[in-house]
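> sequence and predicted structure are below.
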Amino acid sequence: MSNYQRCTRCIMDTSDPDITFDKDGVCNHCHRYDDQLNIRVYSESEGKKALNELVGNIKRAGKGKDYDCIIGVSGGVDSTYVAYLTKKLGLNPLAIHFDNGWNSELAVSNIEKVLNKLDIDLYTYVIDWEEFKDLQLSFLKASTPDGEIPSDHAINALLFQEASKRGIKYIINGMNFKTESMSVPKWAYGHADWKYIKSVHKIFGTKKLKKYPHYTLFDTFNYLFVKRIKLISILNYIDYNKEEVMKVLQQDLDWKYYGGKHYESVYTRFYQAYILPKKFNIDKRIGHQSDLIRSGNVTREQALEEIKKEIADPALLAQDKEFVIKKLSLTEAGFEDIMNAKPKLFTDYPNNFDKVQKLKGVMNDLRAKGTMSK
């Protein structure tokens, strides 16, 4: 790549087609991080006070109800620690799991073991597999790098829907800006854009999505500003160190690590380790490691060494490839046709990108003013 460039502060590079650099070679992602850190993350002193106030508000809102908040669980580090933390704070959460058919055995074991030890009730939504398979195939045929959007969107929709139905005012998620600030729309877009998801499925799908959880921008406004359901990123209230957290989970809950970011899902593991780098020249580890550099969890040199390693065990990838092709009812030739198709972007399909960005801007303004949780 003749115009290849890498950030001098983190390790983001021109695999993000929209990346920009200042005169010192520092990228726009680093500047965005600096601009938003205080808006999204509490300092240690203010975090303790804000967390105590939050817990009191949640308990009051949930008084007399079976549960005072909802948490999503996947078996991964962040969602498991959210479950651990909410119980430690004296809250009474309902755990919700979206079963999209791709759970690893380790993820299932982690969820069952952890929730039993913490005495947290679990509600599992099992997706209609034929519908969901059709949607995932639609995204593969659309040839964009957004193949995991169907799961991400449905999880958020399910949490909103269950909170609304049960009269629960707080959804506590595992997002933490300090180590997960990366946003690259041309790597992955559509988490909150039902118009985009629906348009891709309309072009490439063959089945009606009757049972797929989804939400529109109007629904988002209704949930947040009419029904006053609050999305709480509780890890932004504390000094969150993933390495230390993993030790706590392993010691206290017998939780087991699954080998990579979001690798609790077989499809995610294969998608991030095979499809993204091979077809789209996207290595998401670059984004993850850049987040860790900015947060002070690793040095730039350590991150550069980390991405030199194999992205996944070749034998495991071969096993995953065979499993994914079979589960999606593809042939080897059909899968290779998908891999060889010309890459596209979400901008090639109808979408609500501008409106989604405006909504995010409004939410950040409200956070800056202190009228919305960080």
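Thanks, I have it.

> distance of Gly90 from Ile111?
22 Å (C-beta to C-beta, to the nearest Å). C-beta: built from backbone N, CA, C; applies to glycine.

> more neighbours: which of those two?
Ile111 (25 against 10; other C-beta atoms under 10 Å).

> so which helix or strand takes in that one?
helix 105-118 (DSSP states H and E).

> next SSE after that helix?
Scanning onward from helix 105-118 (DSSP H and E), the first element met is strand 121-126.

> tell me where the chain has strands.
With strands called from DSSP state E, the chain shows them at 69-72, 93-99, 121-126, 170-173, 230-233.

> list the buried residues for stretch 143-153?
The neighbour-count check on stretch 143-153 (16 or more other C-beta atoms under 10 Å) flags Ser143, Thr144, Pro145, Asp146, Gly147, Glu148, Ile149, Pro150, Ser151, His153 as buried.

> er, stretch 123-141 I mean
Those would be 125, 127, 131-141, for stretch 123-141 by 16+ other C-beta under 10 Å.

> for stretch 4-24, same thing?
Those would be Arg6, Cys7, Arg9, Cys10, Ile11, Met12, Asp13, Ser15, Asp16, Ile19, Phe21, for stretch 4-24 by 16+ other C-beta under 10 Å.

> neighbouring contacts of it?
Identification of contacts with stretch 4-24 by C-beta atoms under 8 Å, 6 or more residues apart in numbering yields 1, 3, 25-31, 184-187, 281-283, 286-287, 289-291, 293-294, 300, 303-304, 307.

> among these, which are in helices?
28-31, 286-287, 289-291, 293-294, 300, 303-304 (DSSP state H).

> restricted to buried residues, select those in ChimeraX.
Buried residues within these, by 16+ other C-beta under 10 Å, are selected in ChimeraX with:
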select :29,30,286,287,289,290,291,293,294,300,303
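
> any idea which of the ones in helices among the contacts of stretch 4-24 is the one closest to Lys230?
Among the ones in helices among the contacts of stretch 4-24, Asp291 lies closest to Lys230 (C-beta to C-beta), at 24.7 Å.

> list the contacts of the closest one.
Asp291 makes contact with Cys10, Lys178, Thr179, Glu180, Ser181, Met182, according to C-beta under 8 Å, 6+ apart.

> bridged to Cys69, which residues?
Pro93 (DSSP bridges).

> how many residues are close by it?
Neighbours around Cys69, by other C-beta under 10 Å: 25.

> ok, now Leu330?
16.

> cool, and Asn241?
By other C-beta under 10 Å, the burial measure for Asn241, its neighbour count, is 15.

> now it. Nearest residue, chain neighbours left out?
Asn297 (6.8 Å; C-beta to C-beta, 6 or more residues apart in numbering).

> mind checking how far that neighbour is from Arg40?
17 Å.

> returning to that earlier point: can you put the strands of the chain in TSV and add distance to Lys210 and mean pLDDT?
Shown next, in TSV, are the strands of the chain (distance: least, C-beta to C-beta, whole Å; pLDDT from 0 to 100):
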stretch	distance to Lys210	mean pLDDT
strand 69-72	23	98
strand 93-99	17	97
strand 121-126	14	98
strand 170-173	25	98
strand 230-233	27	96
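
> let me see the contact set for the spatially most central residue of the chain.
Nearest residue to the geometric centre of the chain (C-alpha atoms, centre = their mean): Asp152, 6.4 Å. When contacts are counted by C-beta under 8 Å, 6+ apart, Asp152 touches Gly190, His191.

> quickly note the distance from it to Ile172.
17 Å.

> likewise Asp254?
23 Å.

> tell me which of these two has more neighbours.
Neighbour comparison, Asp254 and Ile172: the larger count goes to Ile172, with 28 against 12 (by other C-beta under 10 Å).

> state the distance from that one to Asn116.
On the measure of C-beta to C-beta, Ile172 and Asn116 end up 20 Å apart.

> and Lys261, what's its pLDDT?
As predicted, Lys261 sits at a pLDDT of 54.

> ignore the last one, Cys27
Taking Cys27 on its own, its pLDDT is 98.

> could you find the closest non-adjacent residue to it?
Nearest to Cys27 is Cys7, by C-beta to C-beta, 6+ apart, at 3.9 Å.

> please apply the same query to Lys208.
By the measure of C-beta to C-beta, 6+ apart, the closest residue to Lys208 outside its immediate chain neighbours is Glu131, 7.7 Å from it.

> ok, Ala157 next?
Skipping the residues right next to it in sequence, Ala157 comes nearest to Pro213 by C-beta to C-beta, 6+ apart, at 3.9 Å.

> doesn't Ala154 make contact with the one you found?
Yes: with contacts counted by C-beta atoms under 8 Å, Pro213 reaches Ala154, the gap being 4.6 Å.

> these two: which is more packed in?
The residue with more neighbours, out of Pro213 and Ala154, is Ala154; 22 against 18, by other C-beta under 10 Å.

> against Pro314, how distant is that one?
31 Å.

> which residues sit against stretch 295-304?
Contacts of stretch 295-304 (C-beta under 8 Å, 6+ apart): 9-11, 178-179, 241-243, 289-290, 292-293, 306.

> that older thread, got TSV for the contacts of Asp291, with distance to Ile229 and pLDDT too?
As requested, the contacts of Asp291 are arranged in TSV below (distance: C-beta to C-beta, whole Å; pLDDT from 0 to 100):
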residue	distance to Ile229	pLDDT
Cys10	34	98
Lys178	24	91
Thr179	25	90
Glu180	22	90
Ser181	24	90
Met182	26	91
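
> tally of neighbours for Lys326?
Applying other C-beta under 10 Å, we find 11 residues neighbouring Lys326.
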